[in-house]
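Participant: Give me a model of this one.
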Amino acid sequence: MSSPSSANHTQTDFNIAGRSGAQQARGLVLILGILTAIGPLAIDMYLPALPEIASELGADAGAVQLTLSVFMMGMAVGQAFYGPIADRFGRRAPLLAGLVVFSIAAFECAGAQSMRALLFWRLVMALGGSASMVIPRAVVRDRFATKDSARVYSALMLILGVSPILAPTLGGWMLGATGWRAIFWVLSGVGIASTIAVAWGLEESLPPDKRTAGGLGPVLRTYGELLRNRSFLGVVLAAGLTLGGLFAYLSASAFVFIQLHGLTPSQYALVFGLNAAGMIGASQLNLRLVGRFSLRGVLGTALFVNGLAGLALVLAAATGWGGLTGLIALLFLSMSATGVIFPNISALAMAPFGAVAGSASALLGVFQFGLAAAAGAGIGLAHNDTALPMAIGLAACAVAAWGVFRTLAN
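Facilitator: This next block holds a predicted model:
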(Lines give C-alpha, C1' and ligand atoms only; values in the text may rest on other atoms or scores of the structure.)
Protein backbone atom coordinates (compact mmCIF):
# COMPACT_ATOMS: atom_id res chain seq x y z
CA MET A 1 0.00 0.00 0.00
CA SER A 2 1.58 3.24 -1.02
CA SER A 3 2.05 6.31 1.10
CA PRO A 4 0.78 9.72 0.03
CA SER A 5 4.21 10.75 -1.10
CA SER A 6 4.65 7.73 -3.33
CA ALA A 7 1.49 8.56 -5.22
CA ASN A 8 2.24 12.21 -5.87
CA HIS A 9 3.94 11.52 -9.18
CA THR A 10 0.57 11.72 -10.91
CA GLN A 11 -0.92 14.53 -8.88
CA THR A 12 -1.20 18.04 -10.21
CA ASP A 13 -2.05 21.33 -8.61
CA PHE A 14 -5.70 22.30 -8.84
CA ASN A 15 -4.60 25.78 -9.87
CA ILE A 16 -2.78 24.59 -12.99
CA ALA A 17 -0.66 27.31 -14.51
CA GLY A 18 -1.72 28.69 -17.84
CA ARG A 19 -5.02 29.09 -19.60
CA SER A 20 -4.83 25.72 -21.38
CA GLY A 21 -3.98 23.91 -18.14
CA ALA A 22 -6.88 25.52 -16.30
CA GLN A 23 -9.22 24.63 -19.16
CA GLN A 24 -8.03 21.02 -19.02
CA ALA A 25 -8.65 20.93 -15.27
CA ARG A 26 -12.17 22.34 -15.74
CA GLY A 27 -12.84 19.83 -18.52
CA LEU A 28 -11.69 16.97 -16.29
CA VAL A 29 -13.90 18.12 -13.41
CA LEU A 30 -16.88 18.48 -15.77
CA ILE A 31 -16.48 14.93 -17.11
CA LEU A 32 -16.02 13.50 -13.61
CA GLY A 33 -19.04 15.47 -12.35
CA ILE A 34 -21.30 14.13 -15.09
CA LEU A 35 -20.08 10.61 -14.37
CA THR A 36 -20.72 11.00 -10.65
CA ALA A 37 -24.27 12.23 -11.34
CA ILE A 38 -25.23 9.13 -13.36
CA GLY A 39 -26.15 7.07 -10.31
CA PRO A 40 -28.32 9.76 -8.66
CA LEU A 41 -30.00 10.49 -12.01
CA ALA A 42 -30.87 6.81 -12.39
CA ILE A 43 -32.44 6.91 -8.91
CA ASP A 44 -34.25 10.26 -8.94
CA MET A 45 -35.41 10.63 -12.52
CA TYR A 46 -37.88 7.74 -12.60
CA LEU A 47 -39.39 8.23 -9.13
CA PRO A 48 -42.45 10.15 -10.44
CA ALA A 49 -43.13 7.22 -12.78
CA LEU A 50 -43.43 4.49 -10.13
CA PRO A 51 -47.27 4.50 -9.98
CA GLU A 52 -47.56 4.36 -13.79
CA ILE A 53 -44.99 1.55 -13.99
CA ALA A 54 -46.95 -0.43 -11.40
CA SER A 55 -50.18 0.08 -13.33
CA GLU A 56 -48.77 -0.85 -16.74
CA LEU A 57 -46.84 -3.91 -15.55
CA GLY A 58 -49.62 -5.13 -13.26
CA ALA A 59 -47.59 -4.93 -10.06
CA ASP A 60 -48.28 -3.49 -6.62
CA ALA A 61 -46.47 -0.50 -5.16
CA GLY A 62 -44.17 -2.65 -3.03
CA ALA A 63 -42.91 -4.58 -6.03
CA VAL A 64 -42.14 -1.39 -7.94
CA GLN A 65 -40.33 0.09 -4.95
CA LEU A 66 -38.07 -2.96 -5.05
CA THR A 67 -36.57 -1.53 -8.24
CA LEU A 68 -35.05 1.20 -6.04
CA SER A 69 -33.76 -1.24 -3.40
CA VAL A 70 -32.31 -3.52 -6.07
CA PHE A 71 -30.55 -0.56 -7.66
CA MET A 72 -29.01 0.51 -4.33
CA MET A 73 -27.81 -3.03 -3.64
CA GLY A 74 -26.34 -3.29 -7.12
CA MET A 75 -24.50 0.00 -6.67
CA ALA A 76 -22.97 -1.21 -3.40
CA VAL A 77 -21.92 -4.63 -4.75
CA GLY A 78 -20.68 -3.26 -8.08
CA GLN A 79 -18.33 -0.77 -6.45
CA ALA A 80 -16.66 -3.56 -4.49
CA PHE A 81 -15.63 -5.15 -7.79
CA TYR A 82 -14.76 -2.06 -9.84
CA GLY A 83 -12.33 -0.70 -7.27
CA PRO A 84 -9.78 -3.55 -7.46
CA ILE A 85 -10.33 -3.87 -11.21
CA ALA A 86 -9.48 -0.17 -11.66
CA ASP A 87 -6.33 -0.63 -9.55
CA ARG A 88 -5.29 -3.62 -11.66
CA PHE A 89 -6.15 -2.50 -15.21
CA GLY A 90 -6.25 1.30 -14.93
CA ARG A 91 -9.19 3.68 -14.77
CA ARG A 92 -10.40 4.14 -18.36
CA ALA A 93 -11.09 0.57 -19.52
CA PRO A 94 -13.25 -0.51 -16.53
CA LEU A 95 -15.08 2.81 -16.64
CA LEU A 96 -15.86 2.46 -20.34
CA ALA A 97 -17.05 -1.12 -19.82
CA GLY A 98 -19.34 -0.08 -16.96
CA LEU A 99 -20.85 2.76 -18.97
CA VAL A 100 -21.59 0.45 -21.90
CA VAL A 101 -23.33 -2.01 -19.57
CA PHE A 102 -25.32 0.83 -17.99
CA SER A 103 -26.43 2.14 -21.39
CA ILE A 104 -27.57 -1.27 -22.64
CA ALA A 105 -29.38 -2.07 -19.39
CA ALA A 106 -31.21 1.28 -19.37
CA PHE A 107 -32.39 0.62 -22.95
CA GLU A 108 -33.62 -2.82 -21.89
CA CYS A 109 -35.47 -1.28 -18.92
CA ALA A 110 -37.34 0.91 -21.39
CA GLY A 111 -38.54 -2.20 -23.20
CA ALA A 112 -39.33 -4.34 -20.13
CA GLN A 113 -42.69 -6.11 -20.37
CA SER A 114 -42.76 -7.57 -16.85
CA MET A 115 -41.72 -6.57 -13.36
CA ARG A 116 -39.24 -9.45 -13.26
CA ALA A 117 -37.51 -8.12 -16.38
CA LEU A 118 -37.47 -4.57 -15.02
CA LEU A 119 -35.95 -5.74 -11.73
CA PHE A 120 -33.27 -7.72 -13.57
CA TRP A 121 -32.24 -4.87 -15.85
CA ARG A 122 -32.32 -2.35 -12.99
CA LEU A 123 -29.82 -4.57 -11.20
CA VAL A 124 -27.64 -4.71 -14.31
CA MET A 125 -27.95 -0.91 -14.65
CA ALA A 126 -26.61 -0.52 -11.12
CA LEU A 127 -23.76 -2.97 -11.65
CA GLY A 128 -22.68 -1.00 -14.73
CA GLY A 129 -23.37 2.44 -13.30
CA SER A 130 -21.41 1.76 -10.13
CA ALA A 131 -18.23 2.22 -12.18
CA SER A 132 -19.19 5.88 -12.59
CA MET A 133 -19.33 6.28 -8.82
CA VAL A 134 -16.12 4.56 -7.72
CA ILE A 135 -13.65 5.35 -10.51
CA PRO A 136 -14.03 9.18 -10.66
CA ARG A 137 -13.02 9.37 -6.97
CA ALA A 138 -9.91 7.35 -7.80
CA VAL A 139 -9.10 9.64 -10.75
CA VAL A 140 -9.32 12.68 -8.46
CA ARG A 141 -6.95 10.94 -6.03
CA ASP A 142 -4.58 10.20 -8.91
CA ARG A 143 -4.54 13.75 -10.22
CA PHE A 144 -4.78 16.07 -7.21
CA ALA A 145 -3.13 16.54 -3.84
CA THR A 146 -5.21 16.21 -0.67
CA LYS A 147 -6.47 19.80 -0.15
CA ASP A 148 -6.88 20.30 -3.89
CA SER A 149 -8.87 17.08 -4.07
CA ALA A 150 -11.26 18.46 -1.44
CA ARG A 151 -11.81 21.46 -3.72
CA VAL A 152 -12.42 19.16 -6.69
CA TYR A 153 -14.90 17.08 -4.69
CA SER A 154 -16.68 20.32 -3.77
CA ALA A 155 -16.89 21.21 -7.45
CA LEU A 156 -18.30 17.75 -8.15
CA MET A 157 -20.88 18.34 -5.43
CA LEU A 158 -22.12 21.36 -7.39
CA ILE A 159 -22.90 19.13 -10.37
CA LEU A 160 -24.10 16.25 -8.22
CA GLY A 161 -26.35 18.50 -6.16
CA VAL A 162 -28.24 19.76 -9.19
CA SER A 163 -29.52 16.28 -10.07
CA PRO A 164 -31.99 15.95 -7.13
CA ILE A 165 -33.48 19.29 -8.18
CA LEU A 166 -33.76 18.68 -11.90
CA ALA A 167 -34.15 14.90 -12.21
CA PRO A 168 -37.62 14.44 -10.63
CA THR A 169 -38.93 17.50 -12.46
CA LEU A 170 -37.56 16.28 -15.79
CA GLY A 171 -38.86 12.78 -15.12
CA GLY A 172 -42.32 14.11 -14.27
CA TRP A 173 -42.42 16.20 -17.45
CA MET A 174 -41.36 13.26 -19.60
CA LEU A 175 -43.90 11.04 -17.87
CA GLY A 176 -46.71 13.36 -18.91
CA ALA A 177 -45.37 13.96 -22.42
CA THR A 178 -44.03 10.57 -23.54
CA GLY A 179 -44.59 7.95 -20.82
CA TRP A 180 -42.25 6.23 -18.38
CA ARG A 181 -40.25 4.25 -20.95
CA ALA A 182 -38.79 7.45 -22.43
CA ILE A 183 -37.13 8.14 -19.07
CA PHE A 184 -34.98 5.05 -19.50
CA TRP A 185 -34.26 5.94 -23.13
CA VAL A 186 -32.89 9.26 -21.89
CA LEU A 187 -30.81 7.49 -19.21
CA SER A 188 -29.44 5.21 -21.92
CA GLY A 189 -28.56 8.30 -23.95
CA VAL A 190 -26.79 9.79 -20.94
CA GLY A 191 -24.77 6.60 -20.65
CA ILE A 192 -23.83 6.67 -24.34
CA ALA A 193 -22.86 10.35 -24.19
CA SER A 194 -20.74 9.68 -21.10
CA THR A 195 -19.03 6.78 -22.84
CA ILE A 196 -18.08 9.05 -25.73
CA ALA A 197 -16.86 11.77 -23.33
CA VAL A 198 -14.63 9.32 -21.47
CA ALA A 199 -13.29 7.77 -24.69
CA TRP A 200 -12.36 11.16 -26.14
CA GLY A 201 -11.69 13.36 -23.12
CA LEU A 202 -10.45 11.32 -20.15
CA GLU A 203 -6.81 10.29 -20.14
CA GLU A 204 -5.58 7.31 -18.15
CA SER A 205 -4.50 8.53 -14.69
CA LEU A 206 -2.87 5.36 -13.33
CA PRO A 207 0.35 4.38 -15.16
CA PRO A 208 1.07 0.65 -15.63
CA ASP A 209 4.03 0.62 -13.23
CA LYS A 210 1.77 1.78 -10.38
CA ARG A 211 -0.96 -0.83 -10.83
CA THR A 212 -1.56 -3.67 -8.42
CA ALA A 213 -1.09 -7.36 -9.07
CA GLY A 214 -4.11 -9.36 -10.21
CA GLY A 215 -5.92 -12.24 -8.52
CA LEU A 216 -8.40 -12.64 -5.69
CA GLY A 217 -5.71 -12.96 -3.01
CA PRO A 218 -4.22 -9.47 -3.49
CA VAL A 219 -7.73 -7.97 -3.67
CA LEU A 220 -8.76 -9.52 -0.36
CA ARG A 221 -5.44 -8.55 1.24
CA THR A 222 -5.90 -4.95 0.08
CA TYR A 223 -9.43 -4.81 1.47
CA GLY A 224 -8.21 -6.36 4.72
CA GLU A 225 -5.40 -3.80 5.07
CA LEU A 226 -7.79 -0.96 4.39
CA LEU A 227 -10.34 -2.17 6.93
CA ARG A 228 -7.61 -2.68 9.54
CA ASN A 229 -6.56 0.94 9.10
CA ARG A 230 -8.27 2.63 12.05
CA SER A 231 -8.39 6.09 10.49
CA PHE A 232 -9.72 4.84 7.15
CA LEU A 233 -12.41 2.77 8.88
CA GLY A 234 -13.52 5.77 10.91
CA VAL A 235 -13.74 7.97 7.83
CA VAL A 236 -15.69 5.50 5.66
CA LEU A 237 -18.05 4.62 8.52
CA ALA A 238 -18.71 8.32 9.04
CA ALA A 239 -19.31 8.72 5.30
CA GLY A 240 -21.70 5.77 5.19
CA LEU A 241 -23.63 6.88 8.25
CA THR A 242 -23.94 10.41 6.88
CA LEU A 243 -25.37 9.09 3.62
CA GLY A 244 -27.62 6.82 5.69
CA GLY A 245 -29.05 9.91 7.40
CA LEU A 246 -29.51 11.60 4.03
CA PHE A 247 -31.34 8.55 2.69
CA ALA A 248 -33.57 8.49 5.80
CA TYR A 249 -34.67 11.97 4.75
CA LEU A 250 -35.05 11.03 1.07
CA SER A 251 -37.10 7.90 1.75
CA ALA A 252 -39.55 9.55 4.17
CA SER A 253 -39.71 13.21 3.12
CA ALA A 254 -42.53 12.80 0.59
CA PHE A 255 -44.79 11.22 3.23
CA VAL A 256 -43.84 13.77 5.90
CA PHE A 257 -44.43 16.84 3.75
CA ILE A 258 -47.24 15.74 1.42
CA GLN A 259 -49.36 13.38 3.52
CA LEU A 260 -48.56 14.59 7.04
CA HIS A 261 -48.31 18.34 6.43
CA GLY A 262 -50.52 18.66 3.36
CA LEU A 263 -48.07 20.14 0.87
CA THR A 264 -48.85 19.74 -2.80
CA PRO A 265 -46.34 17.85 -4.96
CA SER A 266 -45.21 21.20 -6.40
CA GLN A 267 -44.67 22.65 -2.94
CA TYR A 268 -42.81 19.50 -1.91
CA ALA A 269 -40.55 19.90 -4.95
CA LEU A 270 -39.74 23.43 -3.78
CA VAL A 271 -38.78 22.19 -0.30
CA PHE A 272 -36.75 19.38 -1.85
CA GLY A 273 -35.02 21.89 -4.10
CA LEU A 274 -34.36 24.27 -1.20
CA ASN A 275 -32.53 21.55 0.72
CA ALA A 276 -30.57 20.54 -2.36
CA ALA A 277 -29.62 24.19 -2.87
CA GLY A 278 -28.37 24.31 0.73
CA MET A 279 -26.19 21.31 0.04
CA ILE A 280 -24.82 22.90 -3.14
CA GLY A 281 -24.16 26.26 -1.48
CA ALA A 282 -22.36 24.64 1.46
CA SER A 283 -20.20 22.55 -0.87
CA GLN A 284 -19.07 25.74 -2.59
CA LEU A 285 -18.44 27.46 0.75
CA ASN A 286 -16.24 24.48 1.52
CA LEU A 287 -13.89 25.63 -1.25
CA ARG A 288 -13.03 28.63 0.95
CA LEU A 289 -13.08 26.77 4.26
CA VAL A 290 -10.47 24.17 3.27
CA GLY A 291 -8.21 26.99 2.07
CA ARG A 292 -8.22 28.60 5.53
CA PHE A 293 -8.66 25.72 7.98
CA SER A 294 -7.54 22.12 8.33
CA LEU A 295 -9.52 19.48 6.47
CA ARG A 296 -10.15 17.47 9.62
CA GLY A 297 -11.22 20.54 11.56
CA VAL A 298 -13.77 21.57 8.93
CA LEU A 299 -15.08 18.02 8.64
CA GLY A 300 -15.35 17.51 12.41
CA THR A 301 -17.30 20.75 12.81
CA ALA A 302 -19.70 19.85 9.98
CA LEU A 303 -20.32 16.40 11.49
CA PHE A 304 -21.02 18.01 14.88
CA VAL A 305 -23.47 20.52 13.36
CA ASN A 306 -25.25 17.70 11.50
CA GLY A 307 -25.60 15.74 14.75
CA LEU A 308 -27.05 18.75 16.57
CA ALA A 309 -29.48 19.38 13.72
CA GLY A 310 -30.59 15.75 13.87
CA LEU A 311 -31.21 15.85 17.63
CA ALA A 312 -33.16 19.10 17.29
CA LEU A 313 -35.18 17.48 14.49
CA VAL A 314 -36.19 14.64 16.85
CA LEU A 315 -37.32 17.20 19.42
CA ALA A 316 -39.32 19.10 16.79
CA ALA A 317 -40.94 15.94 15.43
CA ALA A 318 -41.83 14.65 18.89
CA THR A 319 -43.25 17.89 20.29
CA GLY A 320 -44.42 19.76 17.21
CA TRP A 321 -42.05 22.60 18.15
CA GLY A 322 -41.65 24.97 15.24
CA GLY A 323 -44.27 23.19 13.15
CA LEU A 324 -43.63 22.75 9.45
CA THR A 325 -41.26 25.73 9.35
CA GLY A 326 -39.12 24.20 12.08
CA LEU A 327 -38.85 20.88 10.25
CA ILE A 328 -37.86 22.58 7.01
CA ALA A 329 -35.28 24.80 8.73
CA LEU A 330 -33.63 21.93 10.59
CA LEU A 331 -33.54 19.73 7.49
CA PHE A 332 -31.99 22.61 5.56
CA LEU A 333 -29.27 22.89 8.23
CA SER A 334 -28.63 19.15 8.11
CA MET A 335 -28.50 18.99 4.31
CA SER A 336 -26.18 22.02 4.23
CA ALA A 337 -23.84 20.26 6.66
CA THR A 338 -23.68 17.25 4.36
CA GLY A 339 -22.57 19.57 1.57
CA VAL A 340 -19.40 20.19 3.60
CA ILE A 341 -19.06 16.63 4.88
CA PHE A 342 -19.07 14.66 1.63
CA PRO A 343 -16.27 16.41 -0.30
CA ASN A 344 -13.96 16.51 2.73
CA ILE A 345 -14.64 12.97 3.83
CA SER A 346 -13.93 11.70 0.31
CA ALA A 347 -10.62 13.58 0.26
CA LEU A 348 -9.57 12.21 3.67
CA ALA A 349 -10.59 8.66 2.81
CA MET A 350 -8.64 8.62 -0.45
CA ALA A 351 -5.53 10.64 0.48
CA PRO A 352 -3.24 7.95 1.98
CA PHE A 353 -3.91 5.25 -0.64
CA GLY A 354 -2.52 6.27 -4.01
CA ALA A 355 -1.74 2.88 -5.56
CA VAL A 356 -4.97 1.30 -4.29
CA ALA A 357 -7.20 4.36 -4.69
CA GLY A 358 -9.73 2.28 -6.62
CA SER A 359 -10.10 -0.20 -3.77
CA ALA A 360 -10.31 2.61 -1.20
CA SER A 361 -12.98 4.33 -3.30
CA ALA A 362 -14.85 1.04 -3.66
CA LEU A 363 -15.03 0.49 0.10
CA LEU A 364 -16.15 4.08 0.57
CA GLY A 365 -18.96 3.46 -1.91
CA VAL A 366 -19.91 0.09 -0.39
CA PHE A 367 -20.23 1.61 3.08
CA GLN A 368 -22.18 4.59 1.76
CA PHE A 369 -24.71 2.72 -0.36
CA GLY A 370 -24.94 -0.26 2.01
CA LEU A 371 -25.72 1.90 5.04
CA ALA A 372 -28.03 4.09 2.95
CA ALA A 373 -30.02 1.03 1.86
CA ALA A 374 -30.19 -0.17 5.48
CA ALA A 375 -31.38 3.24 6.68
CA GLY A 376 -34.08 3.37 4.01
CA ALA A 377 -35.30 -0.12 4.92
CA GLY A 378 -35.32 0.77 8.62
CA ILE A 379 -37.37 3.91 8.03
CA GLY A 380 -39.89 1.88 6.03
CA LEU A 381 -40.25 -0.71 8.79
CA ALA A 382 -40.59 1.98 11.49
CA HIS A 383 -43.28 3.95 9.62
CA ASN A 384 -45.92 5.12 12.12
CA ASP A 385 -47.73 8.03 10.42
CA THR A 386 -45.47 10.63 12.10
CA ALA A 387 -42.21 12.39 11.25
CA LEU A 388 -40.41 10.64 14.12
CA PRO A 389 -38.97 7.69 12.15
CA MET A 390 -37.34 10.08 9.67
CA ALA A 391 -36.05 12.33 12.45
CA ILE A 392 -34.74 9.49 14.60
CA GLY A 393 -33.10 7.80 11.62
CA LEU A 394 -31.37 10.98 10.52
CA ALA A 395 -30.29 11.88 14.05
CA ALA A 396 -29.01 8.39 14.89
CA CYS A 397 -26.91 8.28 11.73
CA ALA A 398 -25.60 11.84 12.16
CA VAL A 399 -24.63 11.41 15.82
CA ALA A 400 -23.04 8.02 15.11
CA ALA A 401 -21.08 9.51 12.20
CA TRP A 402 -19.65 12.21 14.48
CA GLY A 403 -18.88 9.60 17.15
CA VAL A 404 -16.97 7.18 14.93
CA PHE A 405 -15.02 10.04 13.34
CA ARG A 406 -13.99 11.37 16.73
CA THR A 407 -13.20 7.87 18.06
CA LEU A 408 -11.49 6.22 15.11
CA ALA A 409 -10.38 8.83 12.59
CA ASN A 410 -8.60 11.34 14.88
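Participant: For the closest residue to Pro218 other than its chain neighbours, give me its contacts.
Facilitator: Excluding the flanking residues, the one nearest Pro218 by C-beta to C-beta, 6 or more residues apart in numbering is Thr212, at 6.0 Å. For glycine as for every other residue, the C-beta is placed from the backbone atoms N, C-alpha and C. Counting by C-beta atoms under 8 Å, 6 or more residues apart in numbering, Thr212 touches Pro84, Asp87, Arg88, Pro218, Thr222, Ala355, Val356, Ser359.
Participant: among those residues, which are in strands?
Facilitator: Among those, no residue falls in strands (DSSP state E).
Participant: What about these, which are in helices?
Facilitator: Using DSSP state H, the subset of the contacts of Thr212 located in helices is Pro84, Asp87, Arg88, Pro218, Thr222, Ser359.
Participant: Touching, Ala302 and Val340? I think so.
Facilitator: Yes - proximity of Ala302 to Val340 meets the contact threshold set by C-beta atoms under 8 Å, at 3.9 Å.
Participant: Look up how far Val290 lies from Ser149.
Facilitator: For Ser149, the distance to Val290 (C-beta to C-beta, to the nearest Å) stands at 10 Å.
Participant: That should have said Phe107, apologies.
Facilitator: 41 Å.
Participant: Please apply the same query to Leu96.
Facilitator: 32 Å.
Participant: Tell me which of these two has more neighbours.
Facilitator: Using other C-beta atoms under 10 Å as the criterion, Leu96 and Val290 rank with Val290 on top: 25 against 18.
Participant: Please identify the nearest residue in space to that one, excluding sequence neighbours.
Facilitator: In space, Val290 is closest to Ala150, 4.7 Å off (C-beta to C-beta, 6+ apart).
Participant: pretty sure Asn275 is in contact with Leu330, am I right?
Facilitator: No - shown here, Asn275 and Leu330 do not form a contact pair, counting by C-beta under 8 Å, at 10.5 Å.
Participant: where do the strands sit along the stretch 201-350 of the chain?
Facilitator: With DSSP state E, counting those that start in this stretch as the criterion, the stretch 201-350 of the chain has no strands.
Participant: can you list the weak-confidence ranges in it?
Facilitator: Scanning the stretch 201-350 of the chain for pLDDT under 70 picks out the ranges 213-216, 251, 265.
Participant: same check, this time on the stretch 1-150 of the chain
Facilitator: 1-25, 61-62, 65, 146-147.
Participant: Okay, helices next: where are they in it?
Facilitator: Counting by DSSP state H, counting those that start in this stretch, the stretch 1-150 of the chain has helices at residues 19-44, 50-57, 61-89, 92-110, 115-129, 131-143, 146-178.
Participant: And the first one, what's buried?
Facilitator: Same thing as helix 19-44. By 16 or more other C-beta atoms under 10 Å, the buried positions in helix 19-44 come out as 25, 28-29, 31-44.
Participant: Check the fourth one too.
Facilitator: The neighbour-count check on helix 92-110 (16+ other C-beta under 10 Å) flags 92, 94-99, 101-110 as buried.
Participant: Distance-wise, check Ile341 relative to Gly262.
Facilitator: Ile341 is 32 Å from Gly262, by C-beta to C-beta.
Participant: Backbone torsions only: list them for the closest residue to Arg137 other than its chain neighbours.
Facilitator: Distance criterion C-beta to C-beta, 6+ apart; nearest residue to Arg137, sequence neighbours excluded, is Ser361 at 4.0 Å. The phi/psi pair for Ser361 (degrees, to the nearest 10) reads phi -60, psi -40.
Participant: show me the residues around Ser361 that make contact.
Facilitator: Neighbour list for Ser361: Gln79, Gly83, Ala86, Val134, Ile135, Arg137, Ala138, Arg141, Ala349, Met350 [criterion: C-beta under 8 Å, 6+ apart].
Participant: Let me see the contact set for the second one.
Facilitator: Contact partners of Gly83, counting by C-beta under 8 Å, 6+ apart, are Val134, Ala138, Gly358, Ser359, Ala360, Ser361, Ala362, Leu363, Gly365.
Participant: quick one: contacts for the residue nearest to Thr195 when sequence neighbours are not counted?
Facilitator: Taking C-beta to C-beta, 6+ apart, and ignoring the residues beside it in sequence, Thr195 has Leu99 as its nearest neighbour in space, at 4.3 Å. Going by C-beta under 8 Å, 6+ apart, Leu99 touches Gly128, Ala131, Ser132, Gly191, Ser194, Thr195, Val198.
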